[in-house]
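S.K.: Show me how the following folds:
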Amino acid sequence: MQEGFAVNHAEEKRKNSFTPKAYAIRYWDRVIKNNLPKPSFILSKASPLSATDAAAFEKHAAANTLSTKLPEFCSAAHLFCFPNINPQLCRKPVLRGLGTNIFKGYGKGVDLDNKFSFDNYGFTNPFKDYAKRGISFGIYTKSSSTNSVTSLVVEPGKFFRERMLKEGTVMPMPDTRDKLPPRSFLPRSILIKLPFASSKLNNMKQVFKVSENSFMEKMIVDSLSECERAPSKGEIKRCVGSLEDMIDFATSILGSNVTVRSTENVNGSNNNVMVGQVKEINGGNVMESVSCHQSLFPYLLYYCHSVPNIRIYEANLLDPKSKVKINHGVAICHLDTTAWSPTHGAFMTLGFGPGQIEVCHWIFENDMTWTTAN
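M.R.: Residues are numbered from 1 along each chain as shown. The predicted model follows:
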């Protein structure tokens, strides 16, 4: 009995060493030149495909026949697919706020608070409250608009000043929860065989069986539009759909000695928190980072971009009454806001205007920031 168990365990380890996740871990070790622990929050996003399934789906992707295995592919790869669904089949078909500004403007997220039910969609929580949340990355484009912003409401705590990151400070915590559908990265071996361009939209729709004028079509078009827009002045950007691609982009900007951080959990959301012990990353020196934000797409897709002139902090977050630690937050402070729009939500909240103050915010759930390692 013991011998048989040992043999099976060894065989299982051998098989697991060829999975896409195992490959991504080996790739990390080869490209990133330090021995720092790999955060579980990012490894959990690696493809869950088995080695056998990955090889089979890679062949279908190469032969342009992946659509014939779409239900199996979406289930095994942990994707967000709902074939042949259009907005008319939704209980509440109005998709407010899902325009081309889906990624633009701090404090102006997508309003998808409507609840939907897709009978043909196989995940546990089909399409519930998928609002784009958190901090967007279209902040570097100065708006020429003079439209009134009197109706803009910015969530308390979404933006704050650097001086707030002091032990003992009590401050509101915004809703940091990730409200996008849970998905996983694709293995790079499959990703490179799939179309990803506005010019190949019809091919993409064929792969994922996307109906004309459906929500999924709009979702793909909006994400492609943001990925393909010209970078803002001084910005370097890339959309990545595999862990290997994210590693490549981060190291191309920051070098091979890098690490990645995110806020530990969502505890404290929509409540006041007390700032506990604070740590300045890299000694509080001004640095450059690579921030990555999710896009709404069938597979896990991140918009990553360089963020210059910032300081990053880690802070224990405490319950204000009990003083018990409930979270470990990561905050990024933008020191140069001269290129931000005067109608930016941060200035509506904090006062002042472009270039007059620094602006800080927490890293929200499942978003992340890469920096050089200490």
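
S.K.: only C-alpha atoms for contact and neighbour calcs from this point on.
M.R.: Will do.

S.K.: my guess is Met368 meets Ala250, correct?
M.R.: No - counting by CA atoms under 8 Å, Ala250 is not a contact partner of Met368; they are 11.3 Å apart.

S.K.: the more surrounded of these two?
M.R.: More crowded of Met368 and Ala250, by other CA atoms under 10 Å: Ala250, with 27 against 21.

S.K.: which SSE is the closest residue to the more buried one other than its chain neighbours in?
M.R.: Leaving aside its sequence neighbours, Ala250 sits nearest to Val290 (CA to CA, 6 or more residues apart in numbering; 6.1 Å). Val290 belongs to strand 287-295 when elements are defined using DSSP states H and E.

S.K.: got it, and Ala55?
M.R.: Element membership for Ala55, per DSSP H and E: helix 51-62.

S.K.: what's that helix packed up against?
M.R.: helix 188-191 (3 or more CA pairs under 8 Å, 6 or more residues apart in numbering; DSSP states H and E).

S.K.: Using PDB, write out every CA atom in the helix it packs on.
M.R.: C-alpha atoms of helix 188-191 as PDB (Å, rounded to 0.1, in the frame of the first residue of the first chain):
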ATOM      1  CA  ARG A 188       1.500  31.800 -23.400                       C
ATOM      2  CA  SER A 189       1.700  28.800 -25.700                       C
ATOM      3  CA  ILE A 190      -2.100  29.100 -26.400                       C
ATOM      4  CA  LEU A 191      -2.200  32.900 -26.100                       C
END
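
S.K.: Now it: average pLDDT?
M.R.: Across helix 188-191, the average pLDDT comes to 98.

S.K.: Could you check how far it is from the centre of its chain?
M.R.: Its chain's C-alpha centre and that of helix 188-191 lie 19 Å apart, by CA atoms, centre = their mean, to the nearest Å.

S.K.: for the nearest residue to Ala61 once chain neighbours are set aside, what are its contacts?
M.R.: Excluding its sequence neighbours, the residue lying closest to Ala61 (CA to CA, 6+ apart) is Lys193, at 5.8 Å. Listed by CA atoms under 8 Å, 6 or more residues apart in numbering, the contact set of Lys193 reads 58, 61-62.

S.K.: just the helices in this protein please.
M.R.: Applying DSSP state H to the chain gives helices spanning 2-16, 20-31, 40-43, 51-62, 70-77, 188-191, 201-207, 215-228, 243-254, 345-350.

S.K.: buried set for the fifth one?
M.R.: What it means is helix 70-77. Neighbour counts over helix 70-77 (16 or more other CA atoms under 10 Å) mark 70-71, 73-74, 76-77 as buried.

S.K.: Tell me the confidence at the spatially most central residue of the chain?
M.R.: Centrality entry for the chain: nearest residue to the mean C-alpha point is Gln294, 2.7 Å, by CA atoms, centre = their mean. In this prediction, Gln294 carries a pLDDT score of 95.

S.K.: Figure out which of the helices of the chain is closest to Glu167.
M.R.: The minimum distance between Glu167 and the helices of the chain falls on helix 345-350, with 20.6 Å, by CA to CA.
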